[in-house]
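> Below are the sequence and a predicted model for it; my questions follow.
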Amino acid sequence: MKTSIQRWKIGFAIDNQEYIGNDLLAQKLSKKGYNALIRDYVYISPENVKKTFLHIPFAWESFKGQGIDLGSGVGCISSTVARKPDVKKIYSVELVESVVTLCQPIVINKILKTEERKKVVSVIGDFDNLQIKDSQLDFAVSWFSMHHSVNPVVTFKEALRVLKQGGRFIFVDKIHNNDTPDTEIERMLNIIYSEDFLKNNFRPPGIRLTRRENGEHEYRFFEWEKFIKKSGFKIITEIIVKTDNEENRRIKNDNKLDEVFVDYDVGGFGNRAIGFVLEKSAE
């Protein structure tokens with residue numbers, strides 16, 4: 001079945017290192033097929049994506065009706081959510097054209113049954129410029145994509161705009177403790193990628209590329225909470241999901257949040273992630 005693809009407005013230049021890198025990954029990994037895309041682009045299986053959502057109170061139950069996946073990559077999260085019978089449609093919005101055109105069809109067709117595939121509408125677009133009228137959708141979701149936003153408050157507000165009253169935004173992303181000093185944040189952003197990274201990501205050998213130049217941001221609990229509050233969302237759930245290992249058992253979050261330990265790689269910094277369920281409440 002041919003994947004439905006839409007093209008939405010993109011509000012900024014796309015000649016940056018993050019776009020270039022993801023385009024290269026899409027070009028190379030799409031030739032290797034589904035398993036390579038899941039292993040080397042998503043880093044987590046659909047089954048473990050679902051398990052993670054089930055560990056986040058009120059997350060999985062919020063996926064019903066029509067929704068949107070912001071920064072959807074190869075479509076793994078959109079397709080996993082679309083498996084749920086209560087989900088009627090999900091817009092899978094990704095900035096990088098080759099990721100949408102080359103990779104999403106492979107992933108969607110592998111994860112979903114033939115009759116389910118029409119639920120996923122692939123979109124080449126910018127998650128700050130959603131081509132959807134106000135108050136149209138029941139849910140939004142994002143998986144390790146929000147930290148790539150140039151201005152998270154703008155992105156959150158755009159998600160809020162398209163949701164109905166009572167609609168929910170479920171997102172999973174990386175996190176740092178509140179006591180992480182600014183100097184450490186700067187150090188992480190200024191790390192220069194190794195030759196192994198360049199090789200594994202199909203980049204030219206010998207180039208100088210920092211994590212900052214590659215679109216990374218490093219946020220602490222208080223920063224995520226500030227972005228959410230400024231946007232107008234209400235926090236329903238805030239929880240930590242960790243891969244169960246000695247380090248993650250030893251290091252506790254300093255935001256007094258519940259922690260869930262799982263037997264698979266979560267992804268993100270130290271295989272630690274924060275799971276939020278946000279709600280658009282009546283003003």
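That came through fine. Bear in mind the structure is a predicted one, so any value in this text is a computation, not a measurement. Numbers count the residues shown, from 1 in each chain.

> Look up how far residue 238 lies from residue 204.
41 Å (C-beta to C-beta, to the nearest Å). Heads up, the C-betas are built off the backbone N, CA and C, glycines and all.

> Which of the two has more residues huddled nearby?
Set side by side, residue 204 and residue 238 show more neighbours around residue 238, with 19 against 9, by other C-beta atoms under 10 Å.

> Okay, and the beta partners of the more buried one?
residue 276 (DSSP bridges).

> What ranges in this structure fall below the confidence cut-off?
For the chain, the stretches flagged by pLDDT under 70 are 1-3, 282-283.

> Parallel or antiparallel, which strands does the longest strand out of those in the chain pair with?
In the chain, taking DSSP state E as the definition, the longest strand is strand 163-174. Partners of strand 163-174 in the sheet, by DSSP bridges, are strand 137-143 (parallel), strand 272-279 (antiparallel).

> Check this protein and tell me which residue is nearest its centre.
Centroid-nearest residue in the chain, with C-alpha atoms, centre = their mean: residue 143, separated by 2.4 Å.

> so how many other residues sit close to the closest residue to that one other than its chain neighbours?
Closest residue in space to residue 143, ignoring its immediate chain neighbours: residue 77 at 4.5 Å, by C-beta to C-beta, 6 or more residues apart in numbering. Residue 77 is flanked by 29 other residues according to other C-beta under 10 Å.

> Likewise for residue 241?
If you count neighbours by other C-beta under 10 Å, residue 241 ends up with 24.

> just to revisit the earlier point, run the chain-centre distance for the longest strand of the chain.
Remark: strand 163-174 is offset 12 Å from the chain centroid, using C-alpha atoms, centre = their mean, to the nearest Å.

> List the buried residues for that strand?
By neighbour count with 16 or more other C-beta atoms under 10 Å, strand 163-174 contains the buried residues 163, 167, 168, 169, 170, 171, 172, 173, 174.

> Tabulate those residues (a markdown table), appending distance to residue 147.
As requested, the buried residues of strand 163-174 are exported to a markdown table (distance: C-beta to C-beta, whole Å):
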| residue | distance to residue 147 |
| --- | --- |
| 163 | 21 |
| 167 | 22 |
| 168 | 20 |
| 169 | 15 |
| 170 | 15 |
| 171 | 10 |
| 172 | 11 |
| 173 | 5 |
| 174 | 6 |
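
> Can you give me the distance of residue 278 to residue 225?
Distance of residue 278 to residue 225, given as C-beta to C-beta: 11 Å.

> With residue 127 instead?
Distance of residue 127 to residue 225, given as C-beta to C-beta: 20 Å.

> Also residue 108?
Residue 108 is 34 Å from residue 225, by C-beta to C-beta.

> do residue 126 as well
Look at residue 126 and residue 225: by C-beta to C-beta, they are 25 Å apart.

> which one of those two has more residues nearby?
When neighbours are counted by other C-beta under 10 Å, residue 126 and residue 225 differ, and residue 126 comes out ahead with 21 against 16.

> Now do the contacts for that one.
Residues in contact with residue 126, defined by C-beta atoms under 8 Å, 6 or more residues apart in numbering, are 8, 9, 10, 11, 12, 93, 95.

> count of neighbours near the residue lying closest to it once chain neighbours are set aside?
Excluding its sequence neighbours, the residue lying closest to residue 126 (C-beta to C-beta, 6+ apart) is residue 10, at 4.5 Å. Neighbourhood size, residue 10 [other C-beta under 10 Å]: 14.
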